[in-house]
Structures are given as structure tokens and as C-alpha cells.
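**Student:** Quick one, structure for this:
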Amino acid sequence: MIISTLPAARIPEVVALWEATMLTRPWNDPVADAQKALDGESSTVLIGTEGSEDGEIIASAMVGFDGHRGWVYYVAVSPEHQGVGLGQTMMHAAEEWLRGRGVGKLQLMIRGENHAVRSFYRRLGYATEDVTVMSIRL
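**Tutor:** The predicted structure is shown next:
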């Protein structure tokens, strides 16, 4: 797998991956999310492609820095490529992207029902913190 930054022209392909891995929700526009990440100075979308940079997108991680902490969203591996370490590789790439910008802490959010993903992140060394996430839709 080759890791690079998502070209804007390939946003529909990465969104198809996010949909195939059930990461999208009706109230979020994944195309707009990807474009905002690419347009921002402190965010991007990393992709893993098969064979070459022009190959099929088989993994992704949206990564950004809010001025205080790093965040990762849309971590996905295509269903037919899961279970061989590509998710771990993408997370390491996201961590390196943040480390290269002087970010000292990475956070992420996991949906309550997604128990398998909790186990994945624990194996990578992530720990649950005693915080409450609150939100409001604007």
C-alpha cells in the first residue's frame, strides 16, 4: 500500500470507501468534509492505494490539528483488505503527519456501538479518557 494525500479529484472514490465501511451519516456531507480537510492548512485526508498512487483507494484517514490537539476521522480500510494491518499503517501515518507538525496528542471519537474498533485502538496503545463529549448541531 502506498500512502499519499488525497487529490481533490478522487474525493468521490474515498467517499465510496467511507460508505462501504459505514462511516457516513445522513447529517454529515462526506464530500464537503473531505474538501474542507484538503482546503485547510492544518488538515488533510491521507489515502492508501494499491500498487501505485493512482491505484485503487483501499484505506483512508482524515487528520487535522485544532491548535491544541490532533484529531483523526474517517479511518477506513476496504472490506476486502481488512485484517492485514492496513488500519494500523494508516493510523501510524496519521500520527506521523501530526508529529511532523509538532502535535503532542492525538484524539479520536468512536461511536458507542462500535466495540470492535475500540479493541483495534487499544491494541495500538490508545486509552479511554474520562471525558464527556457534548455537541450541538449548528
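**Student:** where exactly do the strands run in this structure?
**Tutor:** For the chain, the strands defined by DSSP state E cover 2-5, 43-49, 57-65, 70-77, 106-107.
**Student:** Mind listing residues that contact the last one?
**Tutor:** Counting by Cβ atoms under 8 Å, 6 or more residues apart in numbering, strand 106-107 makes contact with R69, G70, W71, V72, A94, E95, L98, E129, all of which sit outside it. The C-beta positions use only the backbone N, C-alpha and C, and glycine is treated the same way.
**Student:** For the closest residue to R10 other than its chain neighbours, give me its contacts.
**Tutor:** Leaving out its chain neighbours, the residue that sits closest to R10 by Cβ to Cβ, 6 or more residues apart in numbering is I57, at 6.6 Å. The contact partners of I57, taken as Cβ under 8 Å, 6+ apart, are L6, R10, E13, V14, L17, I47, G48, T49, S78.
**Student:** Compare those residues and tell me which has the most neighbours.
**Tutor:** Of all the contacts of I57, the highest neighbour tally under other Cβ atoms under 10 Å goes to I47, namely 27 neighbours.
**Student:** longest single helix anywhere in this protein?
**Tutor:** For the chain, the helix with the greatest residue count under DSSP state H is helix 86-99.
**Student:** still on that earlier bit, for the contacts of I57, give me a markdown table that also has distance to E41 and pLDDT.
**Tutor:** Formatted as a markdown table, the entries for the contacts of I57 read as follows, by distance: Cβ to Cβ, whole Å; pLDDT from 0 to 100:
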| residue | distance to E41 | pLDDT |
| --- | --- | --- |
| L6 | 16 | 98 |
| R10 | 21 | 98 |
| E13 | 24 | 98 |
| V14 | 20 | 98 |
| L17 | 25 | 98 |
| I47 | 19 | 98 |
| G48 | 23 | 98 |
| T49 | 24 | 98 |
| S78 | 29 | 97 |
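**Student:** So which of those is the closest to G64?
**Tutor:** L6 (13.1 Å; Cβ to Cβ).
**Student:** Enumerate the beta-bridge partners assigned to the most centrally placed residue in the chain.
**Tutor:** With distances taken as Cα atoms, centre = their mean, the residue of the chain nearest its centroid is A61 (2.4 Å). Beta bridges link A61 to L46, judged by DSSP bridges.
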